[in-house]
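>>> for reference, the sequence and a predicted model appear below.
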Amino acid sequence: MADAVAVKSFYQKSTNRHTGILSWLMTKDHKRIGLMYMMAILTFFVVGIIIGLLMRWELISPGRTIMDAQTYNQLFTLHGVIMIFLFIIPGLPAIFGNFFLPIHIGAEDVAFPRLNLLSWYVYIIGAVMVLVSLFLPGGPIDTGWTFYIPYSVRSTTNVSMALFSAFVLGFSSILTGLNFIVTVHRMRAPGMGFFKMPLFVWSTYATAWIQIIATPVIAITILLVILERAFGVGIFDPALGGDPILFQHMFWIYSHPAVYIMILPAMGVVSEIIPTFARRTIFGYKAIAMSSLAIAFVGYLVWAHHMFSSGMSDTARWIFSLLTFIVALPSGVKIFNWVATMYKGSIDPQPPFLWVMNFIFLFSIGGLTGLVLGALSTDIHLTDTYFVVAHFHYVMFGGTGTIFFAALHYWFPKMFGKMYNMTFARIAVVLYFIGFNMLYFPKFIMGYMGMPRRYYDYLPQFTIYQEISTIGSWILAGTIFFIIGYLIHALVKGEKATSNPWGGVTLEWHIPSPPPLENFVSVPTITHEPYDFSQLKEMKDE
Amino acid sequence: MSNHIGAADHQVHRDDVGAKMGMWLFLFTEILLFGGMFLVYAVYRYQFPDQFHLAGMELNTGIGTLNTIVLLTSSLTVVLAIGALQKGNKFLSLIFLYATILLALMFMVNKYFEWSTKISHGIYPGSPELLAKPNGQILFFGLYYIMTGLHGLHVLIGMIVIAYMIAFIHKGKVTPDNHVILENSGLYWHLVDLIWIFLFPLFYLIQ
């Protein structure tokens, strides 16, 4: 665009009359709110990483290394709570969804900009409450992030405060989801039919529905536990006729769909990155779009596979096992369509694409070991072992976490208008891959050999695996700090990014980097399919 | 280039249909929140049908019925307030909104007497009297306090919301041409009413 220079970016122009930090804290601009989420979420991510490093350090040798058992219990709980509620659930939708969903559908902003800002504040309040609960008398929560009854009622640590912060964070999640659904329904630009939306929008849309449908259930469950602690109502207390297993059902009715809240936006990002770097329209657009909705729907019906050994009828167990296998189908549809997109494409292996390759490898391992756990007979052997820990880290961290970095590398030039060092980025991908597999793969072996999860101590025969795992954690954490480092360096000293550094064709690549406050100078009219690369030539001529 | 759009009128966008859609989605989450409680109620009623029957007899059906009538009437007054405003009658609309708050207050006062009578009889979660009863009755009263308490909290929030609507009408922020926020508050109030319509038979009538 010739006159792009004249357009002020959203950094230079504010929605309000304030300047400086206030112009951010009072902003209604979805891009600024996305960046504010990024600041907060990355901070908590780093806190979570540091806690993880401390845990791994403790486990480098049997017996006490640097902390006592109670501290270890509190650390693994905090690691779970911070990583799940503060990093991975809001990570992709709140940062990249906020920033790119309105741009992807050709809108000026989300449907409710003020509500959007409110949900950021609610997130911050929830996060601060988690932090406050650490320092109040009683000490940090030590129940594990699943808050299982009866221990969560008996524990003398600050369970109620930590639980209430999860309640507050759920509120933020619901408000964001609600906002995105209405945005997708009401704010699409002329010509932007549902089947012309980029797949990232589809997956964020499906995620938003899960957020709305599932989160209220955890809210009421959390309230019940808090009331149980405060008044001893007896809902979950067998001595008073209650049923502790009922807590597990209610907890997983939310927390299993929450797994899809975490992974679906990541799948959307993959569906954006692969066509761009294969220079080819996505294979099976409708199949990918619909599989997001299928995952959202079936994912709601599989919760009890977390409870195969908790006490359920055999009929219930095999029904949930079957449903678990069925939910693998739409995920498979996505993987095959992505690979088919690359077939005969003109692949340009830039860093974002390499991150996606990383994802496909790690996520496939995570997904396939999920089937091992979904099968009843093998699950009885592997339940509550390191195998489960390895599985969900491959899915969550190897899946969503990896895509978090992919999205960061893909959209960084658009968000900040600066370009990072490509060589550094390529080195980071390789180091990440090595560190990740060193950290988590030995856990599959240990789990298979019977090492239980959440244990402070272990038998001597596990020492070598624990050592490899701990060294892997140093490589992985080092890589992440390296990434954050060169990205910050790029912010300060990086070269100016062009409006379309990767040759993408979705709407964000039609506008300047960083985008102007109103996103589009004039309301765009959509005529092309989302991944129609024939428009690349006319985009260059613009 | 339409770059003359100033910072102040960045958010001129108004979409009543979208606003209502957002409200309905929010109400959906509220229904799911109470849905979790109804689920728990169903599980324990199925396990302890006799005890739930006995415990239910101890509740005062008279007060429950009165409260149902009060709340249903308040839903009517909210609708009338919206209708009056749509026809441009600001004064009548305000009267109906004040009436709604008054009825909500009546509901809460009734609820207060009902709860305090029970508590003075020593029936509240964790009390020795209650713990002496069979398990089914302990759960019944536990659920009774949690569910009606959560509902009462929603009545309180609804009263605050309607008070804001009254202030908005006075200030001219809610007008006959722009009253989607009043309609949304009305929807919220109907939800509060609707949940009570389920709570009432579950606790007071099915005996």
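Perfect, I can see it now.

>>> SS state for residue A:110?
Three-state assignment for residue A:110 (DSSP: H, G, I helix; E, B strand; the rest coil): coil.

>>> so who does whichever residue of chain A sits closest to chain B touch?
In chain A, the residue that lies nearest chain B is residue A:241 (2.8 Å; CB to the nearest CB). The C-beta positions use only the backbone N, C-alpha and C, and glycine is treated the same way. For residue A:241, the contact set (CB atoms under 8 Å, 6 or more residues apart in numbering or on different chains) comprises A:234, B:44, B:47, B:48, B:134, B:135, B:136, B:138, B:139.

>>> count of residues packed around the fifth one?
So the one you mean is residue B:134. Around residue B:134 there are 15 other residues, counting by other CB atoms under 10 Å in any protein chain shown.

>>> show me what the lengthiest helix in chain B is packed against.
For chain B, the helix with the greatest residue count under DSSP state H is helix B:135-171. Counting contacts by 3 or more CB pairs under 8 Å, 6 or more residues apart in numbering or on different chains; DSSP states H and E, helix B:135-171 is packed against helix A:199-231, helix B:16-47, helix B:49-57, helix B:90-120, helix B:128-131, helix B:180-200.

>>> try 7 Å this time
Packing partners of helix B:135-171 (3 or more CB pairs under 7 Å, 6 or more residues apart in numbering or on different chains; DSSP states H and E): helix B:16-47, helix B:49-57, helix B:90-120, helix B:128-131, helix B:180-200.

>>> what sits against residue 28?
Answering for chain A, as no chain was given. A:15, A:113, A:114, A:117, B:11 (CB atoms under 7 Å, 6 or more residues apart in numbering or on different chains).

>>> wrong one, chain B
Applying CB under 7 Å, 6+ apart, we find residue B:28 in contact with residue A:212.

>>> report pLDDT for it.
Looking at residue B:28, its pLDDT is 95.

>>> ok so, going back, now, which of the contacts of residue A:28 lie within helices?
Counted as lying in helices by DSSP H, out of these, are A:113, A:114, A:117.

>>> same list, those residues, but as a markdown table with distance to residue B:201 and pLDDT please.
As requested, those are exported to a markdown table (distance: CB to CB, whole Å; pLDDT from 0 to 100):
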| residue | distance to residue B:201 | pLDDT |
| --- | --- | --- |
| A:113 | 42 | 95 |
| A:114 | 39 | 94 |
| A:117 | 42 | 96 |
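
>>> just the buried subset of the residues you listed, written out for PyMOL, thanks.
One line in PyMOL is enough to select the buried ones among those; burial here means 16 or more other CB atoms under 10 Å in any protein chain shown:
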select buried, chain A and resi 113+117
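
>>> got JSON lines for the ones in helices among the contacts of residue A:28, with distance to chain B too?
Output for the ones in helices among the contacts of residue A:28, formatted as JSON lines (distance: CB to the nearest CB, whole Å):
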{"residue": "A:113", "distance to chain B": "6"}
{"residue": "A:114", "distance to chain B": "8"}
{"residue": "A:117", "distance to chain B": "11"}
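
>>> pLDDT wise, what is the one residue sitting closest to the centre of chain A at?
Nearest to the mean C-alpha position of chain A, counting by CA atoms, centre = their mean, stands residue A:88 at 3.4 Å. At residue A:88, the pLDDT value in this model is 95.

>>> got it, and residue A:46?
97.

>>> chain center to the least confident helix or strand in chain A by mean pLDDT: distance?
Every helix and strand of chain A was ranked by mean pLDDT, DSSP states H and E. The lowest is helix A:535-541, at a mean of 79. Chain-centre distance of helix A:535-541: 34 Å, with CA atoms, centre = their mean, to the nearest Å.

>>> the one helix or strand residue A:39 maps to and chain B in contact?
Using DSSP states H and E, residue A:39 sits within helix A:30-58. No: between helix A:30-58 and chain B, judged by CB under 7 Å from any CB of the partner chain, nothing touches; the nearest distance is 11.5 Å.

>>> repeat for stretch A:510-525
Yes: looking at stretch A:510-525 against chain B by CB under 7 Å from any CB, the contacts come from A:518, A:521, A:522.

>>> for that stretch, C-alpha coordinates in PDB please.
C-alpha atoms of stretch A:510-525 as PDB (Å, rounded to 0.1, in the frame of the first residue of the first chain):
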ATOM      1  CA  HIS A 510      -3.900  -6.800   3.800                       C
ATOM      2  CA  ILE A 511      -3.400  -4.100   6.400                       C
ATOM      3  CA  PRO A 512      -0.200  -2.400   7.600                       C
ATOM      4  CA  SER A 513       2.000  -3.800  10.400                       C
ATOM      5  CA  PRO A 514       1.200  -2.800  13.100                       C
ATOM      6  CA  PRO A 515      -2.500  -2.300  12.100                       C
ATOM      7  CA  PRO A 516      -4.200   1.100  12.400                       C
ATOM      8  CA  LEU A 517      -6.600   1.700  15.200                       C
ATOM      9  CA  GLU A 518      -9.700   1.000  13.100                       C
ATOM     10  CA  ASN A 519      -8.000  -2.100  11.500                       C
ATOM     11  CA  PHE A 520      -9.300  -1.200   8.000                       C
ATOM     12  CA  VAL A 521      -9.200   2.200   6.500                       C
ATOM     13  CA  SER A 522     -12.500   1.400   4.700                       C
ATOM     14  CA  VAL A 523     -14.800  -1.600   5.400                       C
ATOM     15  CA  PRO A 524     -13.500  -4.500   3.400                       C
ATOM     16  CA  THR A 525     -15.700  -6.500   1.100                       C
END
